[in-house]
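Asks: predicted model and sequence follow; I will ask about them next.
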Amino acid sequence: MIHRHPIRVYYEDTDLAGIVYYANYLRFLERGRSEMVRDAGISQVEMKAQGLVFAVRRVEADYLKPAHFEDLLTVETRCVALKGASFDMPQRVLRGDQVLLEAVVKVVVLNAAGRATRLPADIRAKLETILANDGE
């Protein structure tokens, strides 16, 4: 499953040249992941009440082309490689059909002590519903 989330580039997202500042892509990616998780029926508020949170462990990103002020972008997010306490989320930022950024984000589940912990069965089941198929 590929989840798509629209993002409009605002002035605050850009540098003096009107180009999206590189660190702001991380915010765009976060929004895409959060919306995908929400759409899968996972409440991060309920997770927090149980002493669990999702945390980014690693981001690998390739900046391919710049986005500009007023661009309408799409953040594509997939879920792959579901493991005991972590999963990978490949993401892309596009303007139309043009890929501007490709990234792979490793997400881990942390307990209240800040240690990695196994995914609870109910959360794992919901993540499994959005696992990417090779054919997509």
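Replies: Sure, I can see it. Bear in mind the structure is a predicted one, so any value in this text is a computation, not a measurement.

Asks: what's the distance between the nearest residue to His3 once chain neighbours are set aside and Thr14?
Replies: Counting by CB to CB, 6 or more residues apart in numbering, His3 lies nearest to Met36, which is 3.9 Å off, once chain neighbours are set aside. Using the backbone N, CA and C atoms, a C-beta is placed for each residue, glycine as well. In this view, Met36 and Thr14 are 25 Å apart by CB to CB, to the nearest Å.

Asks: for the top helix by length along the chain, name the packing helices and strands.
Replies: For the chain, the helix that runs over the most residues, judged by DSSP state H, is helix 24-39. On a contact count with 3 or more CB pairs under 8 Å, 6 or more residues apart in numbering; DSSP states H and E, helix 24-39 meets strand 3-8, helix 44-49, strand 53-63, strand 72-77, strand 86-95, strand 98-110.

Asks: just give me the neighbour total for the residue nearest to His3.
Replies: 24 (other CB atoms under 10 Å).

Asks: residues in contact with Asp71?
Replies: Arg8, Val9, Val20, Arg95 (CB atoms under 8 Å, 6 or more residues apart in numbering).

Asks: what about the residue nearest to the first one when sequence neighbours are not counted, how many residues nearby?
Replies: The one in question is Arg8. Spatial nearest neighbour of Arg8, chain neighbours left out: Leu72 (5.7 Å); criterion: CB to CB, 6+ apart. Leu72 has 12 neighbours, counted by other CB under 10 Å.

Asks: Leu72 and Pro6 touch, don't they?
Replies: Yes - shown here, Leu72 and Pro6 form a contact pair, counting by CB atoms under 8 Å, at 6.5 Å.

Asks: can you give me the distance of the residue nearest to the spatial centre of the chain to Ala40?
Replies: With distances taken as CA atoms, centre = their mean, the residue of the chain nearest its centroid is Arg33 (2.9 Å). For Arg33, the distance to Ala40 (CB to CB) stands at 11 Å.
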